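K.L.:
This is a predicted model, with the sequence first.
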Amino acid sequence: MTIRAFQPGDEAAQVGIYNEASSHLPKFKPATLDEVRRRCRGSDFDPNTRFFAMANGLPVAYASFHANGRVNFPWCRHGHENWAEPLFEHVLQAMRKRNIPRAFAAYREDWKPQHDFFLAHGFQKARDMVNFMLDLIDMPTPAARRSSALAPLKPADLPALAQLAPEALRTTDVKELERHYLQNPYFPAEASFVLRNRSDGTVEAVGIIVANPAYANPKQVDAAMPCFRLGAFGTEGMQAKRIHGLFSFLCRATDTNRLGLELIGHAAFRLHQTDVETLAAQAPSDAPHLLRFYQHHFRKQGSFPVFERNL
């Protein structure tokens, strides 16, 4: 029994294993060699996070994880499913050696074998990630007079951001939040903005609008795919799908509707000189005050479950 880390040249074997093992699943999309090679050439790729099981000198199964704790299902060629257990345990041990405290997995709602696998290995369903969209012509009417003042998000605002709804964030570390929201290579710092209380200047809410015509049209994506959306609060440090017109906001569980409407009105104003016609959004089910806002004002596109366990 041999399990080894990724080596250059394993890309073709990975494509073959995945396509053979998952072709029967709903909405299966074949992996391509070009796609896998591109990801393996990325500056953030770590070959020691991807492992292959070998039989007679050939790769017959693989599994992987990410530094943020995301773990993948162990895909096996037909007849080699016995490798799933040792391969997955090898991945979990590698994560523990890196002191990763918690593992999570996300797959389509209709991929039941994967759900059952993770539930059988100590994972529990933590939340659903729910995707929404809203055509700008259907936007709700904002309040006639704002009770809060809008301003760009600054580093000094980040401690307040972390306390608005920590249950909706993947991190409350101020340095990590600064890297994600103010130093992100995929959207500018000015994409984020805050609502301050006019009386005392405290941060009441934070919003973001990601607009880039090179990114995907929200009406043309499969919203049931387990893709975290770039810019949505709660996707810090994640590999994310880039969506043109992504709107997201964060606030405490009081006065959510007013604050959300003020932020979305400001986002729409900023989009006047762009080609954005539809807003996209994503919200976690374990932040119910935020989820209710989107359910009331947006149209649901789809969702996917997230499973978690401590390591």
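P.N.:
That came in fine, so what should we check first? Numbering: from 1, shown residues only.

K.L.:
so residue 281 bridges to which residues?
P.N.:
Beta-bridge pairing of residue 281 under DSSP bridges involves residue 132.

K.L.:
now the helices for the chain?
P.N.:
Ranges of helices in the chain, per DSSP state H, are 11-22, 33-40, 84-97, 112-120, 158-164, 174-182, 256-270, 288-297.

K.L.:
now the last one: mean pLDDT?
P.N.:
Average pLDDT, helix 288-297: 97.

K.L.:
For that helix, which helices and strands make contact with it?
P.N.:
strand 124-135, strand 246-251, helix 256-270, strand 278-284 (3 or more Cβ pairs under 8 Å, 6 or more residues apart in numbering; DSSP states H and E). For every residue, glycine as well, the C-beta is placed using N, CA and C.

K.L.:
weakest of these by average pLDDT?
P.N.:
Of all the helices and strands packed on helix 288-297, the minimum mean pLDDT falls on helix 256-270 (a mean of 93).

K.L.:
What residues does residue 174 make contact with?
P.N.:
The neighbourhood of residue 174, defined by Cβ atoms under 8 Å, 6 or more residues apart in numbering, consists of 158-159, 162.

K.L.:
Let me have the helices of the chain in a markdown table, adding distance to residue 236 as columns.
P.N.:
A markdown table is the format used below for the helices of the chain (distance: least, Cβ to Cβ, whole Å):
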| stretch | distance to residue 236 |
| --- | --- |
| helix 11-22 | 27 |
| helix 33-40 | 20 |
| helix 84-97 | 19 |
| helix 112-120 | 22 |
| helix 158-164 | 10 |
| helix 174-182 | 5 |
| helix 256-270 | 19 |
| helix 288-297 | 15 |
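
K.L.:
mind checking which of the ones you listed is nearest residue 240?
P.N.:
helix 174-182 (10.1 Å; Cβ to Cβ).

K.L.:
in that closest one, what's buried?
P.N.:
For helix 174-182, burial by neighbour count (16 or more other Cβ atoms under 10 Å) applies to 176-178, 180-182.

K.L.:
for stretch 205-213, same thing?
P.N.:
Residues of stretch 205-213 classed as buried: 205-212 (neighbour count, 16+ other Cβ under 10 Å).

K.L.:
ditto for stretch 89-97
P.N.:
Quick answer for stretch 89-97 (16+ other Cβ under 10 Å): 90-92, 94-95.

K.L.:
Check what contacts that stretch and list those residues.
P.N.:
Under Cβ under 8 Å, 6+ apart, the answer for stretch 89-97 is 3, 48-49, 51, 63-65, 69, 71, 74, 103, 311.

K.L.:
Now, of those, which are buried?
P.N.:
Looks like these have 3, 49, 51, 63-65, 69, 71, 74, 103 buried, using 16+ other Cβ under 10 Å.

K.L.:
quick one: which of those residues is nearest residue 279?
P.N.:
The closest of these, once distances to residue 279 are taken by Cβ to Cβ, is residue 69, at 29.2 Å.

K.L.:
Report the separation between the closest one and residue 281.
P.N.:
24 Å (Cβ to Cβ, to the nearest Å).

K.L.:
ok, back up a step: residue 137 is nearest to which of the helices of the chain?
P.N.:
Using Cβ to Cβ, those put helix 256-270 closest to residue 137, at 10.3 Å.

K.L.:
which residues are in contact with that closest one?
P.N.:
For helix 256-270, using Cβ under 8 Å, 6+ apart, the contacting residues are 136, 139-140, 142-143, 146-148, 150, 193, 195, 204-205, 207, 209, 211, 247, 249, 251, 279, 289-290, 292-293, 296-297.

K.L.:
do stretch 15-23 as well
P.N.:
28, 30-33, 36, 59-62, 75-78.

K.L.:
Could you list the buried residues of that stretch?
P.N.:
15, 17-18, 21-22.

K.L.:
and it, average pLDDT?
P.N.:
So the average pLDDT for stretch 15-23 ends up being 98.

K.L.:
for stretch 81-91, same thing?
P.N.:
97.

K.L.:
how about that stretch as CSV, C-alpha atoms only?
P.N.:
Output of stretch 81-91 as CSV, limited to C-alpha atoms (Å, rounded to 0.1, in the frame of the first residue of the first chain):
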residue,chain,number,x,y,z
GLU,A,81,-12.6,2.0,-3.9
ASN,A,82,-10.8,0.3,-1.0
TRP,A,83,-8.3,3.1,-1.2
ALA,A,84,-10.8,5.7,-0.1
GLU,A,85,-10.4,5.1,3.7
PRO,A,86,-6.6,5.0,4.0
LEU,A,87,-6.3,7.9,1.5
PHE,A,88,-8.8,10.1,3.4
GLU,A,89,-7.1,9.3,6.8
HIS,A,90,-3.8,10.2,5.2
VAL,A,91,-5.2,13.6,4.3
